[in-house]
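J.: Based on what follows, work out the 3D shape:
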Amino acid sequence: MRPTPKATPASGGRLPESESQAERLDGARGEGYSEPAVRSANDVGLLVLASASPRRRDLLQRAGLRFEVMPADIPEAMREGEPPRAMVERLAVEKAAAVCRRLPERPRRIVLGSDTVVVLGDEILGKPRDAEEAVAMLRRLSGRTHRVWTGIAVIATDSVTPSVRSIESQVTLRAAGEAELRAYVATGEPLDKAGAYALQGEGRRFVSRVEGSESNVIGLPLEETLVLLAAAGLAPPGA
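T.: Coordinates of the predicted model:
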């Protein structure tokens, strides 16, 4: 794994310490953050998910985690010559750092950022622009093995140093005919998915093999995420 990257503050860095915590929290609420319903004086840091992805929310909920949602809303462009692993790690850090800067330092929060890409050969496949591009992507993936990379980053609001990991899974899709691919795309499911399929949905019928983490393919490698969160001080569910 390459060295952990540093989160680079945006212009101005953290909000000035002279600004009251209440003012900073009000500003964060205005950008999509909501306080948890219950707070304990013993909380070491509640979780904030820096993503609007319903798939990531579902995975965290299934794990029994309590969290808030605050999408990062940053550009997700690939840099020229940037390998997929480096890209997902960078974007995960940028997402977590962007949300962390909007939050007050106290009460302590642990911000989770994540980014997932589908890679066929040396090419990164993003979300299809329309139904025809979705069919074209699935046609290329049909009968072949591709890789799915996810980067995860955790930053606490009382720190600017991220903890970062990246996970790779390999997925093989069975061969499928044009009519079957078009029927799947017509459901609408592939249109907001990298690679134009959803392992957790109707797209599973095209998947013949997954090597590695299945939750990674869905959008968040859960086991590795829980390890990072525990290291940041968030107790595992049921602890």
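J.: quick one: least confident helix or strand in this structure?
T.: helix 21-30 (a mean of 40; mean pLDDT, DSSP states H and E).
J.: residues in contact with Thr225?
T.: 112, 114, 152 (C-beta atoms under 8 Å, 6 or more residues apart in numbering). C-beta: built from backbone N, CA, C; applies to glycine.
J.: swap the cut-off to 7 Å and go again
T.: 112, 152 (C-beta atoms under 7 Å, 6 or more residues apart in numbering).
J.: do the same with Thr172
T.: 145, 208-209.
J.: repeat for Tyr197
T.: 138, 190, 203, 206.
J.: Recalculate using a threshold of 8 Å.
T.: Taking C-beta under 8 Å, 6+ apart, we find Tyr197 in contact with 138, 141, 173, 184, 189-190, 203, 206-207.
J.: again with Ser166
T.: 1, 85, 88-89, 92, 149-152.
J.: If any of those are buried, give me the PyMOL selection for them.
T.: Here is the PyMOL command that selects the buried residues among the contacts of Ser166 (16 or more other C-beta atoms under 10 Å):
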select buried, resi 85+88+89+92+149+150+151+152
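J.: circling back to that earlier point, please list the members of the contacts of Thr172 that lie in strands.
T.: 145, 208-209 (DSSP state E).
J.: Secondary structure element holding the spatially most central residue of the chain?
T.: In the chain, the C-alpha nearest the mean C-alpha coordinate belongs to Ser114, at 2.6 Å (C-alpha atoms, centre = their mean). Counting by DSSP states H and E, the element that carries Ser114 is strand 109-120.
J.: any idea of the mean pLDDT in that strand?
T.: Over the span of strand 109-120, the pLDDT mean works out to 96.
J.: Buried by neighbour count: which residues of that strand qualify?
T.: Neighbour-count burial for strand 109-120 [16+ other C-beta under 10 Å]: 109-119.
J.: now those residues in a markdown table, with distance to Val99?
T.: Below are the buried residues of strand 109-120 laid out as a markdown table (distance: C-beta to C-beta, whole Å):
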| residue | distance to Val99 |
| --- | --- |
| Arg109 | 9 |
| Ile110 | 11 |
| Val111 | 5 |
| Leu112 | 9 |
| Gly113 | 7 |
| Ser114 | 12 |
| Asp115 | 13 |
| Thr116 | 17 |
| Val117 | 20 |
| Val118 | 24 |
| Val119 | 26 |
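J.: just those now: which is nearest Asp130?
T.: Val118 (17.3 Å; C-beta to C-beta).
J.: Identify the single longest helix in this protein, thanks.
T.: The longest helix of the chain (DSSP state H) is helix 84-102.
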